[in-house]
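A.B. asks: Build me a model:
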Amino acid sequence: MRIKLNADARRRLGASVHHMFIEEFDRDLSEFQLDRIIDFFVRELGPPVYNQAIRDARAFFQAKLEDLDGEIYEPEE
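C.D. replies: Numbers count the residues shown, from 1 in each chain. From the prediction side, this is the model:
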């Protein structure tokens with residue numbers, strides 16, 4: 001799976017990165033430079049962050065499923 005940002009998310013992220021570069025580095029970036037930076041971080045950080053989110057969700061649901069047995073299990077006589 002290749003992680004892709006929709007146009008609105010990409011625009012908001014670009015504005016945020018642009019603001020950060022101006023504030024932190026006193027550097028104004030072109031739209032081309034912003035696109036390259038966003039592409040780099042999505043490519044490099046996207047998969048590990050996505051995979052961690054999947055692991056976290058799996059652990060959350062697994063804990064809920066295990067708790068379900070204790071909550072609704074009815075002993076048989």
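A.B. asks: Show me which helix runs longest in this structure.
C.D. replies: For the chain, the helix that runs over the most residues, judged by DSSP state H, is helix 31-72.
A.B. asks: Contact partners for P47?
C.D. replies: I3 (CB atoms under 8 Å, 6 or more residues apart in numbering). Glycine gets a C-beta too; all of them are placed from N, C-alpha and C.
A.B. asks: roughly how far apart are it and S16?
C.D. replies: Here the distance between P47 and S16 works out to 21 Å (CB to CB, to the nearest Å).
A.B. asks: and L34, how many neighbours does it have?
C.D. replies: Neighbour count of L34, defined by other CB atoms under 10 Å: 19.
A.B. asks: Can you give me the distance of it to G14?
C.D. replies: In terms of CB to CB, L34 sits 5 Å off from G14.
A.B. asks: cool, and F60?
C.D. replies: According to CB to CB, F60 and G14 sit 32 Å apart.
A.B. asks: who has more neighbours, these two?
C.D. replies: When F60 and G14 are compared for neighbours, G14 comes out ahead with 17 against 10, by other CB under 10 Å.
A.B. asks: Flag the shaky bits of this protein, pLDDT-wise.
C.D. replies: The model of the chain has pLDDT under 70 over residues 1.
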